[in-house]
Structure formats: structure tokens, C-alpha cells
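Chemist: okay, structure incoming, though there's no sequence with it:
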């Protein structure tokens, strides 16, 4: 079957879409794929729901925030099994990890030289094995995104960014998300929402991406509560997965301070904080900070959310996070203030801050952390 739609890559979207995997692998010339996933996906029995791939090999040791070590071990597995392509199964962590493994298959180490902040954009070529993404959460949008986030040995969470990182095909099957627990549904859903909001507010000019962002936002806020409350509701799961894909499609506009502040906290390996949950905590505070720099866009958000006053848009997202059971303060995540404050410099240096509507500084990042704490 042809893809459901093509925008940046081929997206196969429908309940049961996973059945098309063998055909897609054949089209891409992949005979010995490496399945990159994590222990949670394996424990949930999702690999058992996939078509029989007798020639596939599995690497399931990806952390919740993928690390440089995860990438290196996956690369070893790829080479030792003589693989010729990758299937990423899971949330953003396995998908990001698979993207980066694909780079190192054909690009000389060290990995750091491909980080965006190290000038890596121009060093990543299209001469690398194909990646097929199979998302099992509805949030990151990495299945259609041009980026991959990795926590390096130096403790910094850096992105690799390149159009060459977009998977060659994405199989988006809502049925694979039915077993997602409520807390992860909630955190992933707020991740999708934060993508739609931040890309819409980005000052870069891209009307197509903005239209997609607003549609994804409206879809997500309409169906997230149901997806959290009734995880077997296929309609709600489908709508949330589509909203996540839309959030990923809009990455072309860049993100903002929500992600600049979340990324460093997500690099704290001894804390293992969920990225989408961090975004949910930071979103209201960043919106209040940015409001004076983009009042018309904040009003558009209010219209999309059917809110009469733009001033209460930040409160809408805080209330939504509370209603679906997420923490609304950083202190609720059991992170001491000194660890949070110590990330202010890294937050300022994060690549996402370049497209925030209002300029950031180390002091601004520290204050936003304080307000969220």
C-alpha cells in the first residue's frame, strides 16, 4: 500500500499499520535489520505483536534518556550481526538511539563531532543505513523528526540535527499504544502538546508548519484526557498518535525555552526524569515569560483552545497537567534545588533556545527554573 501521507518522509498511519513492515523493509532493501528498543517495550510484549522477522536481531538496552554508551553498544551489535538497516521500536529514546547508530555505521567517531552545537550538521551525510521508525508512545514525534538527543559522557544532553536523520519510513499503528500506562500517556501527551505550542511560537517563518502545529494542538487537548483515563479507546489513541506526529512534523520551525530547560534536567542520569513531564512543568512559566514578545500568537493559541482571554493560556496547560495526574512543580520530582539551578548554563546553551520568541540568558533560565520549582 502507498503511505497514508508524505511530508518529509513516508508515514503509514492506521490501526494495524505494523503489518506493512515486511513490505517496507523489502522496498528499502533491508534483509538483516537491527531492532533497537528498550526493556519496557520488550516487557509489554510489543515485539510479539510485530510480523515475524526471522532475520532480525534485537538490541534492547536503551535507557530512558539514551546515552553515548547505548549508541556504542548498539553499534557493536549492528556490526557483529552484519545488519543492513534499523527498526526503531518504542518512544523517542529507542528512535533517537537508532538514528545515531545509523550515523556511526558509516561516519567516523567520535560521536561528539556530529552534535549540532559542535558543527555536526554539515558532517552528517545521507550515506548511512535506512531507519524505519515504529512509535509505541504518542509524544516525541521523533518518528518524523530531524533530530536525536543523546546524553554524552560529559553529562551534557546534546542534539544531532540533520534532515538526513529523518527515518526513511514511519509505521504509526495506534494499536501498539494501547498498553501505555496512564502516567506515560499523560507525560507523552504533554510532550506532543509542548512541541505544537513551541514550534507555533517560534519566530521562524513557516506557515505550513504553524498550521500543522495548531491542528495537532487542538487534536491533543481534545483527546488526551480520554487517552489517559481509558487507555483502550482506539479513537483517542489514534488522535494522540497523530498529534504526536504533527508535533514532530513542525520541528522544522525550531522549539524554544521549554525544551532548553528540560533537556539538561533530562541528562541527570541518576534522576531519570521523563522529558514530557518536564515539559509539562515548564510550559506555563515559559508561556508567561514569552507572552509580551508574541501576543498575537498567544491569542491564536487561546482561540485554538477556545479560551476567551489570552492571559489564561498558561493556566490552561497547568490545569490540564494537573487533571491528568502530572506534577506541576519541579520539587514534586524530588530534584534538589541546587541540582536544578546548576543546569542554568546548560539550558542557556541548549540549541532550542535559538528560536525562543524572547532572548534567553543564564539569569533568565535560572529564574524560570526558580518559578517552576
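Modeler: Perfect, thanks for sending it. It should be emphasised that the depicted structure is a prediction, and the values quoted were computed from it without experimental measurement.
Chemist: all the helices of the stretch 201-350 of the chain, residue numbers only.
Modeler: 207-229, 234-249, 257-266, 275-290, 295-304, 313-323, 337-341, 344-349 (DSSP state H, counting those that start in this stretch).
Chemist: residue 346 and residue 265 touch, don't they?
Modeler: No - using C-beta atoms under 8 Å, residue 346 makes no contact with residue 265, being 9.1 Å away. Placement of C-beta: from N, CA and C, glycine included.
Chemist: more neighbours, these two?
Modeler: residue 265 (25 against 20; other C-beta atoms under 10 Å).
Chemist: shouldn't residue 105 be in contact with residue 130?
Modeler: No - using C-beta under 8 Å, residue 105 is not in contact with residue 130, being 10.7 Å away.
Chemist: that older thread, deepest in the core, which of the helices of the stretch 201-350 of the chain is it.
Modeler: Comparing those by mean neighbour count (mean count of other C-beta atoms under 10 Å), helix 257-266 ranks first with a mean of 28.
Chemist: counting contacts, what elements does it pack onto?
Modeler: Here helix 257-266 is seen to pack against strand 147-151, strand 157-161, helix 182-201, helix 275-290, helix 344-349, helix 362-372 when contacts are counted using 3 or more C-beta pairs under 8 Å, 6 or more residues apart in numbering; DSSP states H and E.
Chemist: residues near residue 200, how many?
Modeler: Applying other C-beta under 10 Å, we find 25 other residues in the vicinity of residue 200.
Chemist: so which residue is dead centre in this protein?
Modeler: Nearest residue to the geometric centre of the chain (C-alpha atoms, centre = their mean): residue 140, 2.3 Å.
Chemist: and the pLDDT for it?
Modeler: Per-residue pLDDT puts residue 140 at 92.
Chemist: that's a helix at it, yeah?
Modeler: No - per DSSP: H, G, I helix; E, B strand; the rest coil, residue 140 lies outside any helix segment and is coil.
Chemist: I'd guessed it sits against residue 245; true?
Modeler: No - counting by C-beta under 8 Å, residue 140 stays clear of residue 245, with 10.1 Å between them.
Chemist: who's in contact with residue 331?
Modeler: Residues near residue 331 by C-beta atoms under 8 Å, 6 or more residues apart in numbering: 337, 373.
Chemist: look up how far residue 168 lies from it.
Modeler: 43 Å (C-beta to C-beta, to the nearest Å).
Chemist: next: residue 194.
Modeler: 26 Å.
Chemist: who has more neighbours, these two?
Modeler: The neighbour comparison of residue 194 against residue 168 (other C-beta under 10 Å) goes to residue 194, with 28 against 18.
Chemist: for the more buried one, give me the pLDDT.
Modeler: Per-residue confidence (pLDDT) for residue 194: 98.
Chemist: what sits against it?
Modeler: Contacts of residue 194 (C-beta under 8 Å, 6+ apart): 247, 258, 259, 276, 279, 280, 283.
Chemist: using a markdown table, lay out those residues together with distance to residue 291.
Modeler: A markdown table is the format used below for those (distance: C-beta to C-beta, whole Å):
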| residue | distance to residue 291 |
| --- | --- |
| 247 | 21 |
| 258 | 14 |
| 259 | 18 |
| 276 | 23 |
| 279 | 18 |
| 280 | 18 |
| 283 | 13 |
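Chemist: in which helix or strand does residue 41 reside?
Modeler: Assessed by DSSP states H and E, residue 41 sits inside helix 39-43.
Chemist: what's next to that helix, contact-wise?
Modeler: Contact with helix 39-43 is made by 47, 58, 60, 61, 89, 90, 94, 136, as judged by C-beta under 8 Å, 6+ apart.
Chemist: now for those residues: which two are most distant?
Modeler: 61 and 136 (16.7 Å; C-beta to C-beta).
Chemist: of the two, which one has the most company?
Modeler: Neighbour count, other C-beta under 10 Å: between residue 61 and residue 136, residue 136 has more, with 25 against 15.
Chemist: coming back round to it: what's the closest of the contacts of residue 194 to residue 352?
Modeler: Within the contacts of residue 194, the smallest distance to residue 352 is 4.0 Å, found for residue 259 (C-beta to C-beta).
Chemist: now do stretch 307-317: distance from first to last residue.
Modeler: 12 Å (C-alpha to C-alpha, to the nearest Å).
Chemist: what lies in contact with that stretch?
Modeler: 190, 193, 197, 280, 283-285, 287-288, 291, 295, 298-299, 301-302, 305.
Chemist: quick check: domain ranges of the chain?
Modeler: 5-176, 180-372 (automatic domain parsing).
Chemist: starting at the chain centroid, how far to the shortest one?
Modeler: By that I understand domain 5-176. In terms of C-alpha atoms, centre = their mean, to the nearest Å, the centre of domain 5-176 is found 12 Å from the chain centre.
Chemist: picking up where we left off before, CSV please, covering the helices and strands packed on helix 257-266 and showing distance to residue 23.
Modeler: As requested, the helices and strands packed on helix 257-266 are exported to CSV (distance: least, C-beta to C-beta, whole Å):
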stretch, distance to residue 23
strand 147-151, 26
strand 157-161, 29
helix 182-201, 28
helix 275-290, 32
helix 344-349, 43
helix 362-372, 46
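Chemist: between those, which one is closest to residue 173.
Modeler: Evaluated over the helices and strands packed on helix 257-266, closeness to residue 173 peaks at helix 182-201, with 15.4 Å, by C-beta to C-beta.
Chemist: of the helices and strands packed on helix 257-266, which is nearest residue 18?
Modeler: The closest of these to residue 18 is helix 182-201. By C-beta to C-beta, the value is 18.6 Å.
Chemist: got the angle for that closest one vs helix 257-266?
Modeler: Interaxial angle of helix 182-201 relative to helix 257-266 (axes from the mean of the first three to the mean of the last three C-alpha atoms, to 10 degrees): 140 degrees.
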